[in-house]
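Student: Sequence plus the predicted model coming up.
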Amino acid sequence: MKHMLNPKNKKRMRKVSSLIVLALVAWMIPQVGSGNNLRIWNVVNTNPGSANPIIQFNLAWDNTWKVTTGPSNWDAAWIFVKYQKVPVNSPQCESYLNWGHAKMLNNDTAFKIITSGVPMVFEYVSDSVGVFIRPNTNTIAASTDTMTVQIRLRLPVPGGLYSPFYNFRVFGLEMVYIPTGAFELGNETCANTFNSIYVDSTAVSSSWAPAFVGGGISNIIPQPFPKGYYAFYCMKYEITQGQWVDFLNTLTYNQQKERTGLTDAQMTTNPGVPGLCLYSSCGNRNGVKLGTPGINYSKPAVFVNDLTTAPGDPFNSANDGQNIAMNFLSATDLYSYLDWAGLRPMTNFEFEKVARGAGQLMRVPYEYIWGSASQITQAHSGALYNAGTPSEISQTSGPGLAAYGAAASAGPLRVGFSATSSTNRLTSGSSFYGLQNLGGNVYEMVWGGRNWSGQGYNLTYYDLGDGELSSGGSYNVNNWSIYDGYYFYSNFWRFELRGGAYNSPAAELRTSDRSVNAGGSYSYYGYGNTPYESRNSSYGGRGVR
């Protein structure tokens, strides 16, 4: 089994015993339920003051699976850790120093899982930026059950002006394993589609000429570009508003300014009980706010979720939309989050694989993300039960349930809203591999474009986020770039908007559709006044590794 960081690397695993083995249910498509409920709590350092800290925490998430038939894949938790030095004699370990990214000490003797449910296994990555935890045996489970997890970090004991004790924050993202396998790219019936190509081991072993690829590609696509054949992990859900707040609250004051667009005056003025809306006066269902001001360049601000406005409802309550897809992301916002989380952007070819599937599956004319060419059911933010809560669902149901076709003033829904314990791929609107809301909700900003200058497809499997941003709050990874350059005062963007959004027409939710970008010109051209750096209410995304 090949790892996406290096298709030739072998994974190192440690098996973990468990008291109960759940029976295998042979699903053709993983049956996935209500989503984005990964929980991490009770974080402690078990060897404080020592080098290479051992961090212990509780972990659980819902609707885990591993199947060896059909998609032959599983879901997993991607775990990574941020650390902060503390000044000597600081009361209660209070610190406003930078949060750094902790590398893992990939040593089997220091990694432990104690669980009474689904057997789990660690899966290390060679750059040590994080670790995957995933099922070790075939299962379809309602929950992983609560695990007590221990991981060891590669950190020295702070000295000098710093306490020997760090502050730590542990983060987790639900991911889905996309196995190595050949798949069909393109669909002659969709707008601006790629040519109908069978992407197998032979196809990915060479560069692709424009005539071979089609879709308006202008220059050679190099052999190392991730074309989707080799295995990788992909986020199960789009980035959520709760995850975006977590991200902002680990940044410095200057980095926060850059990633929110706030001025010094806004950052340092107390917004009062209601907080300060960051995007469109909290329109389009975005409840991310400035809750506590910062102090110029010395103390970061504190950001909160507040979809249901204070004071009637406090910040970060269960009604505040933490699980709604994050919208208003610019391209640099998305890239910076992925760098911070140790991931990378998804490519246009990978998008079609995770949607359509691999193996013997054939492309279907006009097919939607969930494999049907004709079945689609509209969900929209004006018809919800339990709006803004972790159990938010649509009042409508049916095959191909997706958030699309709403007014521009509407907004995205909770990630995973369309899946329940009784839905399948079609009725939950899921991709072949179990990814949620790949069609509709918010646009997926994926790596692509026309490759006008010949430099737009230089991304490789090795170009991964390392957890650290520039001092200005932006991504800083080799071969990551927003655009190719300038030509007659226009940018040639390395992006495609795929999968449609809450306000898109149905056609944009088709797997091979490449008809639109923000500027109204074709995404396969990707040039002109395309405002990928604007914060648009329908822009979001997810990452891969």
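Tutor: Great, that's in hand.
Student: just checking, Met120 touches Asn136?
Tutor: Yes - using C-beta atoms under 8 Å, Met120 is in contact with Asn136, at 5.9 Å. Every C-beta, even on glycine, is put in place using the N, C-alpha and C of the backbone.
Student: Just want to know which of those two has more residues nearby.
Tutor: Under the neighbour definition other C-beta atoms under 10 Å, Met120 and Asn136 were set side by side, and Met120 has more, 27 against 22.
Student: Tell me the bridge partners for the more buried one.
Tutor: Beta-bridge pairing of Met120, defined through DSSP bridges, involves Pro135.
Student: Can you list the residue ranges for strands in the stretch 101-250 of the chain?
Tutor: For the stretch 101-250 of the chain, applying DSSP state E, counting those that start in this stretch gives strands covering 112-114, 120-124, 131-135, 139-140, 147-152, 167-178, 183-185, 197-199, 232-235.
Student: Please name the residues that touch Tyr457.
Tutor: Each residue near Tyr457 by C-beta atoms under 8 Å, 6 or more residues apart in numbering is listed here: Asn219, Ile221, Pro222, Phe225, Trp447, Asn451, Arg494.
Student: That one and Asn441: what is the separation?
Tutor: 27 Å (C-beta to C-beta, to the nearest Å).
Student: So for Gly294, which of the strands of the stretch 101-250 of the chain sits nearest?
Tutor: strand 167-178 (17.7 Å; C-beta to C-beta).
Student: how about low-confidence regions in the protein?
Tutor: 1-36, 484-491, 517-532 (pLDDT under 70).
Student: returning to what we had before: to Thr269, which of the strands of the stretch 101-250 of the chain lies closest?
Tutor: Thr269 sits nearest to strand 167-178 of all the strands of the stretch 101-250 of the chain, at 26.7 Å, using C-beta to C-beta.
Student: so that closest one versus strand 120-124, what angle?
Tutor: Following axes from the mean of the first three to the mean of the last three C-alpha atoms, to 10 degrees, one obtains 100 degrees for the angle between strand 167-178 and strand 120-124.
Student: what angle do strand 167-178 and strand 147-152 make?
Tutor: In terms of direction (the same axes, to 10 degrees), strand 167-178 departs from strand 147-152 by 110 degrees.
Student: in its sheet, what does strand 167-178 sit against?
Tutor: The strands that strand 167-178 pairs with in its sheet are strand 75-84 (antiparallel), strand 232-235 (antiparallel) (by DSSP bridges).
Student: out of those, deepest packed?
Tutor: Compared across those, strand 232-235 shows the largest average neighbour count, a mean of 25 (mean count of other C-beta atoms under 10 Å).
Student: Using CSV, write out every CA atom in that strand.
Tutor: C-alpha atoms of strand 232-235 as CSV (Å, rounded to 0.1, in the frame of the first residue of the first chain):
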residue,chain,number,x,y,z
PHE,A,232,-3.7,9.6,-0.5
TYR,A,233,-6.0,10.8,2.4
CYS,A,234,-8.6,13.4,1.9
MET,A,235,-10.6,15.4,4.5
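Student: Run through the helices of the stretch 251-400 of the chain in chain order.
Tutor: Assigned by DSSP state H, counting those that start in this stretch, the stretch 251-400 of the chain shows helices spanning 253-260, 264-268, 331-340, 348-356.
Student: could you say what helices and strands the last one packs with?
Tutor: Counting contacts by 3 or more C-beta pairs under 8 Å, 6 or more residues apart in numbering; DSSP states H and E, the secondary-structure elements packed against helix 348-356 are strand 167-178, strand 183-185, strand 232-235, strand 443-447, strand 495-498.
Student: Would you mind telling me which of these is nearest Ser391?
Tutor: Among the helices and strands packed on helix 348-356, the nearest to Ser391 by C-beta to C-beta is strand 167-178 (17.1 Å).
Student: and the closest one with helix 348-356, angle?
Tutor: With the same axes, to 10 degrees defining the directions, strand 167-178 sits at 70 degrees from helix 348-356.
Student: Check which residues of strand 167-178 are buried.
Tutor: In terms of neighbour count (16 or more other C-beta atoms under 10 Å), strand 167-178 has its buried residues at Asn167, Phe168, Arg169, Val170, Phe171, Gly172, Leu173, Glu174, Met175, Val176, Tyr177, Ile178.
Student: quick check, nearest of these to Phe432?
Tutor: For the buried residues of strand 167-178, the residue nearest Phe432 by C-beta to C-beta is Ile178; the value is 9.4 Å.
Student: how about Val273, what does it touch?
Tutor: Contacts of Val273 were listed using C-beta under 8 Å, 6+ apart, and they are Ala310, Pro311.
Student: Gly472: neighbour count?
Tutor: Around Gly472 sit 13 other residues, with neighbours defined as other C-beta under 10 Å.
Student: what's in contact with stretch 185-192?
Tutor: Identification of contacts with stretch 185-192 by C-beta under 8 Å, 6+ apart yields 193-199, 214-216, 228, 349, 352-353, 363-367, 507, 510-515, 522-524.
Student: Ends of that stretch, what's the gap?
Tutor: Counting by C-alpha to C-alpha, to the nearest Å, you get 13 Å between the two ends of stretch 185-192.
Student: just how off-centre is that stretch within its chain?
Tutor: Centroid separation for stretch 185-192 versus its chain: 26 Å, with C-alpha atoms, centre = their mean, to the nearest Å.
Student: Buried ones in that stretch, by neighbour count?
Tutor: For stretch 185-192, a neighbour-count test (16+ other C-beta under 10 Å) marks Leu185, Gly186, Asn187, Cys190, Ala191, Asn192 as buried.
Student: wait, Tyr229 sits on Ser201?
Tutor: Yes - under the criterion of C-beta under 8 Å, Tyr229 makes contact with Ser201 at 6.5 Å.
Student: Which of these two has more residues huddled nearby?
Tutor: Taking other C-beta under 10 Å, Tyr229 and Ser201 do not tie; Tyr229 has more neighbours (23 against 11).
Student: what's the overlap in contacts for Tyr229 and Ser201?
Tutor: Common contacts of Tyr229 and Ser201 (C-beta under 8 Å, 6+ apart): Ala182.
Student: From Asp200, how far out is the nearest residue to Asn89 once chain neighbours are set aside?
Tutor: Setting aside the residues directly before and after it, Asn89 is nearest to Ser163 in space (C-beta to C-beta, 6 or more residues apart in numbering), at 7.7 Å. Noted for Ser163: a distance of 55 Å to Asp200, by C-beta to C-beta.
Student: the more surrounded of those two?
Tutor: Shown here are Ser163 and Asp200; by other C-beta under 10 Å, Ser163 has more neighbours (19 against 14).
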